[in-house]
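Peer 1: What follows is a predicted structure for the sequence shown.
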Amino acid sequence: MKHGHRFLESLGGFSVNEKNHLTINSVDLVDLAKLSDRPLYVLNEDAIRKNIKAYQSALSTYYPGKSEIFYASKAFLNLGMCYLLNQEGMGLDVCSEGELFIAQKADFPLTKIIFHGNNKSHTELAKAIQAKIQCIMVDNACELDDILKISEIQATTTNVMFRINPVVEVDTHAYIATGVKDSKFGLDIDDPLTAALIETAFKSHFTHFKGIHFHLGSQVFDFVTYKQAIKKIVAYIKFLNDKGIEVEVLNIGGGLGTPYTINDTSLTIDRFIQELCGQICEEYQLNNLKLPTLMVEPGRSIIAAAGCTLYKIGHIKDYGSDLLYAAVNGGMSDNLRPSLYQSQYSAVIGNKMNWEGPTQEYKIVGKCCETGDVLIQRISLPKCQPGDILIMFVTGAYQHALASNYNKHTLPGILLVREGTYEWFTKEQPYEGLIQNDVVPEHLKKVV
Ligand SMILES: Cc1ncc(COP(=O)(O)O)c(C=O)c1O
């Protein structure tokens, strides 16, 4: 691959064919782009499986106790993904009735599902308890109350863990930092009410207290914060243990960052797990505690880099500066992250891979009616023409998941690529999908 595509090389699975087109696992991405007028998300199945295996192998290497991995379905979920995860022996972290519904439709083993969320409704809790999923992650006092009542009505004992906010400084975008002071998620580690709630769950016949969960945030690259959080949480577990409350499970959430550009830090799954497991073992030993079952909940680090998005370039505008505006056939409706978090991305022109001609600086703008609908603020690309295929990388996580019908753009389809072949994973939303739930009241049908 030509110089200048260093980031792309780091992603793996990509190469350039004799037509100078970018391929993924030998599938020509420029040909794939012709399948739709809308953008297309592409997921590399091999890369997803490889990332899962990296977690599995790192945990079996570095953690001497039992461990379980729960894929955080908020990053991306569809029916096929549930099947793939089940084939790989993974658990599933859901945070809504919708995610639970998809998992159930895919016959995902209920005993491998955990339920998160900071405001679970009564119906969500009742359905999760009825389904006998593995565990509910308690976020607040009202929720525990609700769980106890529902479990009593259903004459059952519900497994619960508590989401504890360790209150540390997390180095990530403020919108995705969760383990920080005054976060809307979880129970404050320093609040005496937290321990009182745990004690209630521990003593009740209707709940089985399993353990403690924390999640620092997403797109985190820094061990120091994790280490501080682990230290505080293990000290808290010791405090509970001294009160006679056994903590069988420790869930350290997800959060491992994924590089989106050549300038981002890169931290492998192996290294991340090695460091965290080392710290957990050390803290447990220092506190003279028996090692717990360790749970992790990765989302982004499994699916983000396995995805790319294919766009077509439409109009190009020249305002007389060094930066031309290239508009693509998608935008914030299929990738909200740049507008929401000012996220940066890398891209290439997929049909001009070994380009020897002139390059140009572009701002990549979307087609949504918002000035903030900019996918990439500045990128150097081969001189573009309408019809060129812009391929944006690392779009597997929190893209399709955050997509909307803004401007009534239909949701793009997803293609799953595997060993030189591709298949639809989710079809493009048909226009009918835009109106299927609309109801026109009779009186509006009369023209007077
Ligand atoms: C509780 C919980 N677990 C896991 C995750 C997954 O995080 P990530 O996709 O960064 O791995 C999230 C996402 O923010 C989360 O809120």
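Peer 2: Received, thanks.
Peer 1: Quick one: mean pLDDT over the helix or strand that contains residue 282.
Peer 2: Using DSSP states H and E, residue 282 sits within helix 269-286. Mean pLDDT, computed over helix 269-286, is 97.
Peer 1: And the next helix or strand past it?
Peer 2: strand 293-296.
Peer 1: What is the burial count for the residue of the stretch 101-250 of the chain found nearest the ligand?
Peer 2: When scored by C-beta to the nearest ligand atom, the stretch 101-250 of the chain has residue 218 as its residue closest to the ligand, at 3.2 Å. Where you see a C-beta, it was placed from the backbone N, CA and C, and this is true even at glycine. Neighbours of residue 218 under the rule other C-beta atoms under 10 Å: 27.
Peer 1: Could you double-check that it sits in contact with residue 297?
Peer 2: No - using C-beta atoms under 8 Å, residue 218 is not in contact with residue 297, being 10.7 Å away.
Peer 1: which residues do these two both contact?
Peer 2: Taking C-beta atoms under 8 Å, 6 or more residues apart in numbering as the criterion, residue 218 and residue 297 both touch residue 254.
Peer 1: How about whichever residue of the stretch 1-150 of the chain sits closest to the ligand: what's its closest non-neighbour residue?
Peer 2: Residue nearest to the ligand within the stretch 1-150 of the chain (C-beta to the nearest ligand atom): residue 72, separated by 3.4 Å. With C-beta to C-beta, 6 or more residues apart in numbering as the measure, residue 299 is the residue that lies nearest to residue 72, at 3.1 Å, once sequence neighbours are left out.
Peer 1: Need the nearest residue in space to residue 364, chain neighbours excluded.
Peer 2: residue 376 (4.1 Å).
Peer 1: check contacts around the nearest residue to residue 305 once chain neighbours are set aside.
Peer 2: The shortest distance from residue 305 to any non-neighbouring residue, by C-beta to C-beta, 6+ apart, is to residue 394 (5.1 Å). Each residue near residue 394 by C-beta under 8 Å, 6+ apart is listed here: 11, 258, 259, 260, 304, 305, 307, 308, 345, 346.
Peer 1: Return the distance of the last one relative to residue 380.
Peer 2: Shown here: residue 346 relative to residue 380, a distance of 11 Å by C-beta to C-beta, to the nearest Å.
Peer 1: So for those two, which sits in the more crowded spot?
Peer 2: residue 346 (23 against 9).
Peer 1: What is the longest strand anywhere in the chain packed up against?
Peer 2: When the chain is parsed with DSSP state E, its longest strand is strand 307-318. Using 3 or more C-beta pairs under 8 Å, 6 or more residues apart in numbering; DSSP states H and E, the elements in contact with strand 307-318 are helix 29-33, strand 40-44, strand 323-328, strand 389-393.
Peer 1: In contact with the spatially most central residue of the chain, which residues are there?
Peer 2: Note on the chain: the residue nearest the mean C-alpha position is residue 75, at 2.2 Å, using C-alpha atoms, centre = their mean. Residues in contact with residue 75 (C-beta under 8 Å, 6+ apart) are 299, 300, 302, 303, 304, 396, 397, 398, 401.
Peer 1: burial count for the fifth one?
Peer 2: Going back to what we said before, that points to residue 304. Considering only other C-beta under 10 Å, residue 304 is surrounded by 25 other residues.
Peer 1: pretty sure it contacts residue 393?
Peer 2: No - Residue 304 is beyond contact range of residue 393, at 9.4 Å (criterion: C-beta under 8 Å).
Peer 1: which neighbours do these two share?
Peer 2: Common neighbours of residue 304 and residue 393 (C-beta under 8 Å, 6+ apart) are residue 260.
Peer 1: tell me the secondary structure for the residue nearest to the centre of the chain?
Peer 2: Secondary structure, DSSP: H, G, I helix; E, B strand; the rest coil: residue 75 is coil.
Peer 1: From residue 423, how far off is it?
Peer 2: 21 Å.
Peer 1: now do residue 101
Peer 2: 23 Å.
Peer 1: One more: residue 412?
Peer 2: Distance from residue 412 to residue 423, by C-beta to C-beta: 16 Å.
Peer 1: Which one's more surrounded, these two?
Peer 2: residue 412 (26 against 11).
Peer 1: Give me the local confidence score for that one.
Peer 2: 98.
Peer 1: residue contacts, it?
Peer 2: By C-beta under 8 Å, 6+ apart, the neighbours of residue 412 are 36, 38, 39, 40, 41, 309, 330, 334, 400, 403, 428, 429.
Peer 1: what's the first-to-last distance across stretch 54-73?
Peer 2: From its first residue to its last, stretch 54-73 covers 18 Å (C-alpha to C-alpha, to the nearest Å).
Peer 1: Which residues outside it are in contact with it?
Peer 2: 52, 81, 85, 88-95, 99, 102-103, 112, 114, 254, 268-270, 272-274, 277-278, 280-281, 291-300, 302.
Peer 1: Looking at that stretch now, give me its mean pLDDT.
Peer 2: 98.
Peer 1: Touching both of residue 346 and residue 380, which residues are there?
Peer 2: The contact lists of residue 346 and residue 380 share no entry, where a contact means C-beta under 8 Å, 6+ apart.
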